[in-house]
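let me see the structure of the following:
(one chain, ligands or ions: 1)
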Amino acid sequence: MTVFFIGAGPGDPELITVKGQRLIHRCPVIIYAGSLVPEAVLAGHSAELLVNSAELHLEQIIELIKNAHAKGQDVARVHSGDPSLYGAIGEQIRHLRQLQIPFEIVPGVTATAACAALLGAELTLPDVSQSVILTRYADKTAMPPGEEFSSLAQHGATMAIHLGVNHLQKIVAELLPHYGADCPIAVVHRATWPDQDWVLGTLNDIEQKVTAKGFRRTALILVGRVLATDHFSESSLYRAGHAHLYRP
Ligand SMILES: C[S@@+](CC[C@H](N)C(=O)[O-])C[C@H]1O[C@@H](n2cnc3c(N)ncnc32)[C@H](O)[C@@H]1O
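You can find the predicted model right below:
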């Protein structure tokens, strides 16, 4: 018996991995994070128990897993995007380790990748930014020392900010000194869902644009000059005259 933590991807049911879908089809128990995992991802399942974890607390989830374990039934624990990012799998894994229940993680397409795809952007352009900081805006869960938003912003790297759309005003104020008012910023709402929508602006005008759209939840903020520039060097990987292992 194994608990499979499966990344469902950002919303589009075609963006789950083949492995994740195969496991969903065959696991007799499915526990899915219904707030962000679309029911379409579960299509074709043959589970005898299908539970939306949005209605449960941690101990109730662990109880369901313990029951499945006692019956020798595999569990598909389905999380949105990639489970390793803000998926709250760590606390479940801690219980499973204590209970000696085996588990495996099946990665998924994270929201950052889906939003970059929607914007037609590479997040790591030579000379512009070679790092992506995936972070969140502190609200209920405080940031650990050294990871305060303003100190992350000092790097000027591409940033993907989760759970922050309702704090856009404060986020913009903290980004401005490091990125400049003309820096591109995008807010993507429900990327890859049928009602997906987004705005691209600058730190100067993004608040008005987002207010006009009315985005309140399930939106990712991407900021950085990579979002709107043609000024960067070509990579050495594909540069004619640059030899490497596959092109001596
Ligand atoms: C609890 S986190 C889960 C992240 C998820 N594990 C991932 O890898 O994408 C939820 C936040 O991720 C972002 N998010 C998740 N899915 C999204 C989507 N389809 N479009 C835009 N943002 C999304 C939003 O910031 C949302 O508030």
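
write out the residues of this structure neighbouring the ligand.
Residues of the chain lying near the ligand by C-beta under 6 Å from any ligand atom: 10-11, 36, 79-82, 85-87, 110-111, 114-115, 162-163, 188, 190-193, 218-220. All C-beta atoms are positioned from the backbone trio N, CA, C, and that covers glycine.

let's see it at 8 Å
Residues of the chain found near the ligand (C-beta under 8 Å from any ligand atom) are 7, 10-11, 36, 79-88, 108-112, 114-115, 136, 161-165, 188-193, 196, 217-221.

buried ones among those?
7, 10-11, 36, 79-83, 85-87, 108-112, 114-115, 136, 161-165, 188-192, 196, 218-221 (16 or more other C-beta atoms under 10 Å).

among the residues of the chain next to the ligand, which ones are in helices?
111, 112, 114, 115 (DSSP state H).

for this protein, which spans come out with low pLDDT?
For the chain, the stretches with pLDDT under 70 are 140.

now the strands for it?
Taking DSSP state E as the test, the strands found in the chain are 3-7, 29-32, 49-52, 75-79, 103-106, 132-136, 158-162, 184-189, 197-202, 219-223.

ok now the third one, how far from the chain's centre?
Distance of strand 49-52 from its chain centroid, counting by C-alpha atoms, centre = their mean, to the nearest Å, is 23 Å.

mind giving me the packing neighbours of that strand?
Under the contact criterion of 3 or more C-beta pairs under 8 Å, 6 or more residues apart in numbering; DSSP states H and E, strand 49-52 touches strand 29-32, helix 58-71.

ok, now with 10 Å
Counting contacts by 3 or more C-beta pairs under 10 Å, 6 or more residues apart in numbering; DSSP states H and E, strand 49-52 is packed against strand 29-32, helix 58-71, strand 75-79.

in that strand, what's buried?
Residues residue 51 are the ones in strand 49-52 that count as buried (16+ other C-beta under 10 Å).

what strands flank it, and is each parallel or antiparallel?
strand 29-32 (parallel) (DSSP bridges).

dump the helices and strands packed on strand 49-52 to TSV, plus distance to residue 200.
TSV is the format used below for the helices and strands packed on strand 49-52 (distance: least, C-beta to C-beta, whole Å):
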stretch	distance to residue 200
strand 29-32	32
helix 58-71	38
strand 75-79	28
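
for the residue of the chain at minimum distance from the ligand, give me its contacts.
Residue nearest to the ligand within the chain (C-beta to the nearest ligand atom): residue 81, separated by 2.1 Å. Each residue near residue 81 by C-beta atoms under 10 Å, 6 or more residues apart in numbering is listed here: 7-11, 15, 33, 36-37, 87, 107-114, 162, 191, 220.

how about a cut-off of 7 Å?
Going by C-beta atoms under 7 Å, 6 or more residues apart in numbering, residue 81 touches 7, 9, 10, 108, 109, 110, 111.
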